[in-house]
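*Asks:* task: produce atomic coordinates for the following.
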Amino acid sequence: MDPKRLQSIPLFEGLSKKDLQELGKHSDEVDLPVGKHLVEQGEFAYEFFVIESGTAVVTQDGQQISTLGPGDFFGEIGLVQSSRRTASVVATSPMSLIVMGRREFTTMEDALPHVAEAIRKKLDERLGTDPGT
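*Replies:* Residues are numbered from 1 along each chain as shown. Next comes the predicted model:
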């Protein structure tokens with residue numbers, strides 16, 4: 001993954017060029033068509049997604065609960081804990097996504113603990129959890 005592209009993502013802002021290069025080694029990029037089911041409620045969570053371009057709709061129990069666009073991320077629970085998906089996400093336009101699996105995150109965490117901590121802090125803020133608990 002090109003570190004210059006990671007630099008434009010709010011989740012990764014503030015990281016040094018060196019950190020972005022290392023993060024890029026642990027991230028993949030995928031392009032998906034409109035209508036693609038990205039995650040399904042109830043399935044096990046193994047990866048985390050950041051939207052580089054495109055839009056998606058989030059549903060829970062069949063009801064739309066939000067829309068996502070560039071810079072938004074989802075699946076973060078798949079990085080920090082083993083659990084089932086709490087919602088489904090479907091592409092409403094062609095999308096480019098940055099993807100990181102739990103294993104890649106763990107590897108990156110070992111190599112760059114300060115980067116992993118910065119990402120975890122933002123994920124904790126999003127989840128409304130206190131990392132000290």
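
*Asks:* need the contact list for residue 27.
*Replies:* Contacts for residue 27 were tallied using CB atoms under 8 Å, 6 or more residues apart in numbering; they are 1, 6, 98, 99, 100, 104. In this view, the C-beta of every residue, glycine as well, is placed from N, C-alpha and C.

*Asks:* what is the most widely separated pair among the residues you listed?
*Replies:* The distance between the two most remote of the contacts of residue 27 (CB to CB) is 13.5 Å, for 6 and 104.

*Asks:* so the most centrally placed residue in the chain is in which element?
*Replies:* Nearest to the mean C-alpha position of the chain, by CA atoms, centre = their mean, lies residue 49 at 2.9 Å. Assigning secondary structure by DSSP states H and E places residue 49 in strand 47-53.

*Asks:* buried residues, that strand. List them.
*Replies:* Neighbour-count burial for strand 47-53 flags 47, 48, 49, 50, 51, 52 (criterion: 16 or more other CB atoms under 10 Å).

*Asks:* note down every partner strand of that strand and its orientation.
*Replies:* Partners of strand 47-53 in the sheet, by DSSP bridges, are strand 73-74 (antiparallel), strand 95-101 (antiparallel).
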